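**Student:** My questions are about this predicted structure, shown below with the sequence.
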Amino acid sequence: MTLKNSQDQPVKGQFTIAAVNEAVLQLTKYRLPDLVKTVYAEQPISTRLSDNRPNVVLQPQASPLEKGWGYGGGLSPGAGDTRIRTNFKALAYYNGSVLTDNNGRATVTFKLPDDLTTWRVMAVATDGNLHFGNGDVTFVTTQPLIASPLLPQFARPGDRLDLGVSVTNNTGQGGNVLVNGSVTGPLKLDNSSGSSQAQIGNSGTSAYRFPVAVQGTGDAKVQFKVQLDQATDEFEMPLEVRSQDILEQVVKTGTTPNEAKIPIKVDKNVEPDVGGLNVSLASSLMPTLIAPAKQVFDETSLPFLEPAASQLAIAADLQRLSKTYGQSFANFNPAQQANQALDRLQKLRKPDGGFAAYPGAEKSDPFVTSYAAQSLARAGGREQGLGVRGQDQFKTPLSSLIPHPHPFSYRVSQKTFSGSRAI
């Protein structure tokens with residue numbers, strides 16, 4: 001790469017480089033932004049409120065695609081060295097700061113994923129003096145024989161579908177193409193060996209499909225290998241098999257001296273062999289509380305203090321209602337939910353006795369610590385039976401923060417904890 005100014009003279013600066021699958025970019029017609037317009041854009045006076053906590057990445061996520069090498073068989077000597085293509089990442093390379101030399105030159109090297117496609121290399125550059133530029137270029141990775149997957153994004157238990165492969169012949173010679181497919185996990189070939197032979201022309205693309213039955217949930221793998229004389233290609237891709245989600249919940253309440261009828265209308269387009277209907281009866285209004293409570297407890301993707309403290313408070317209130325009215329909860333254990341919330345709270349505990357608002361925070365937060373202490377107090381009463389104790393330990397850190405709120409730029413209101421009540 002070479003960085004030049006408007007007079008076509010080399011200048012020293014830095015690049016931001018990205019190499020991306022062009023097919024993914026075409027989904028949104030993405031192109032590099034004009035940094036001149038971005039930096040010098042008019043900035044109106046405004047206020048924006050947003051929550052970016054769902055975007056927090058606490059640790060690198062493991063790739064769902066296993067990387068490795070595989071070897072095929074067959075009569076052809078060249079087929080024995082066929083590498084199984086398994087790495088299909090859309091982002092081939094990214095570097096946010098590539099420094100040039102004094103002549104404006106810089107070089108980067110990277111290994112491409114296994115996609116046989118068009119790649120777009122995009123670069124944004126600056127010389128450090130508020131001068132900006134950008135550019136992009138495309139190139140194609142290909143081979144004489146290409147096998148491309150014909151797979152859905154996911155499957156569900158009980159599905160019967162056709163999985164396949166499209167074969168593109170770039171060799172310029174036709175012949176007998178061999179297709180071998182296999183599946184693992186909850187997938188099973190349905191009355192098929194997974195093998196096929198057919199004549200293919202000198203060029204063009206042909207599709208080959210095989211019936212598959214889904215017998216359970218979990219992660220499955222689909223592998224296809226194609227061979228045309230000496231030319232071969234092989235890939236392996238994961239296929240997620242999702243469980244049946246609850247699409248709708250309805251709580252109906254009322255009184256009746258003997259019986260009640262609740263009409264249910266099932267759309268004619270609903271598949272009768274998939275899914276089902278679960279009906280729960282209760283003699284109280286408890287189900288009206290359990291349904292939304294379960295939705296709160298299912299939200300465990302955000303490991304922050306505030307939702308954990310809220311879950312603990314809800315579990316404590318449900319336990320109080322259960323003991324007061326002698327009601328039990330089917331398939332729901334408030335004490336278990338409280339213990340899970342306590343485990344999440346403990347991971348955010350800081351040496352000063354308070355709690356951090358999020359994992360990795362160096363100091364405890366007085367606001368959310370007060371809220372967590374309230375939740376612990378509600379769960380710590382004898383009538384709760386949750387076995388939560390020790391809420392008095394928060395008096396010290398909170399009392400020390402009240403007269404000395406620095407480095408916080410806000411004032412903390414004092415709260416006194418007595419027994420199971422927060423006053």
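**Tutor:** Sure, I can see it.
**Student:** From here on, just use CA atoms for contacts and neighbour counts.
**Tutor:** Will do.
**Student:** Show me what counts as buried in the host helix or strand of Arg209.
**Tutor:** Element membership of Arg209, judged by DSSP states H and E, is strand 204-214. If you call a residue buried by 16 or more other C-alpha atoms under 10 Å, then strand 204-214 has these buried ones: 208-214.
**Student:** other SSEs contacting it?
**Tutor:** strand 160-169, strand 187-189 (3 or more C-alpha pairs under 8 Å, 6 or more residues apart in numbering; DSSP states H and E).
**Student:** 10 Å instead?
**Tutor:** strand 145-150, strand 160-169, strand 175-183, strand 187-189, strand 195-200 (3 or more C-alpha pairs under 10 Å, 6 or more residues apart in numbering; DSSP states H and E).
**Student:** residue boundaries of the strands in the stretch 51-200 of the chain?
**Tutor:** For the stretch 51-200 of the chain, applying DSSP state E, counting those that start in this stretch gives strands covering 84-85, 91-99, 118-126, 132-140, 145-150, 154-155, 160-169, 175-183, 187-189, 195-200.
**Student:** Which residue comes closest to Val214 once chain neighbours are left out?
**Tutor:** Leu187 (4.8 Å; C-alpha to C-alpha, 6 or more residues apart in numbering).
**Student:** for Pro211, same thing?
**Tutor:** Using C-alpha to C-alpha, 6+ apart, the closest residue to Pro211 is Asp162 (4.4 Å).
**Student:** Burial check on that neighbour, number of neighbours?
**Tutor:** By other C-alpha atoms under 10 Å, 16 other residues sit near Asp162.
**Student:** so it makes contact with Arg209?
**Tutor:** Yes - contact criterion C-alpha atoms under 10 Å: Asp162 and Arg209 qualify, at 5.7 Å.
**Student:** Contact partners for Glu240?
**Tutor:** Shown in contact with Glu240 (C-alpha atoms under 10 Å, 6 or more residues apart in numbering): 152-156, 185-186, 217-221.
**Student:** For it, which three-state class applies?
**Tutor:** Of the three states, Glu240 takes strand under DSSP: H, G, I helix; E, B strand; the rest coil.
**Student:** Distance of it relative to Asp298?
**Tutor:** 21 Å (C-alpha to C-alpha, to the nearest Å).
**Student:** Do you have the helices of the stretch 201-350 of the chain handy? List them.
**Tutor:** 286-298, 305-325, 334-347 (DSSP state H, counting those that start in this stretch).
**Student:** right, so those: which one is the most enclosed?
**Tutor:** Highest mean neighbour count of the helices of the stretch 201-350 of the chain: helix 305-325, a mean of 20 (counted as mean count of other C-alpha atoms under 10 Å).
**Student:** separation between Asp343 and Phe210?
**Tutor:** Relative to Phe210, and taking C-alpha to C-alpha, Asp343 is found at 48 Å.
**Student:** for Lys111, same thing?
**Tutor:** 33 Å.
**Student:** Mind giving me the ChimeraX command for buried ones among the contacts of Glu240?
**Tutor:** To isolate the buried ones among the contacts of Glu240 in ChimeraX, judged by 16+ other C-alpha under 10 Å, type:
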select :155,156,185,186,217,218,219,220,221
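**Student:** and which of the contacts of Glu240 is nearest Lys4?
**Tutor:** Looking at the contacts of Glu240 and their distance to Lys4, the nearest is Gln153, at 44.3 Å (C-alpha to C-alpha).
**Student:** circling back to that earlier point, are there residues contacting both of Asp162 and Arg209? Which ones?
**Tutor:** Counting by C-alpha under 10 Å, 6+ apart, the residues touching both Asp162 and Arg209 are 150-151.
**Student:** hang on, the earlier thing: looking at the helices and strands packed on strand 204-214, spot the one closest to Gln249.
**Tutor:** Using C-alpha to C-alpha, the helices and strands packed on strand 204-214 put strand 160-169 closest to Gln249, at 27.4 Å.
**Student:** before we move on, back to that, if we take the contacts of Glu240, which one ends up nearest to Asn278?
**Tutor:** Once C-alpha to C-alpha is applied, the member of those that ends up nearest Asn278 is Arg156, at 18.9 Å.
**Student:** how much space between the closest one and Thr369?
**Tutor:** From Arg156 to Thr369 the distance is 43 Å (C-alpha to C-alpha).
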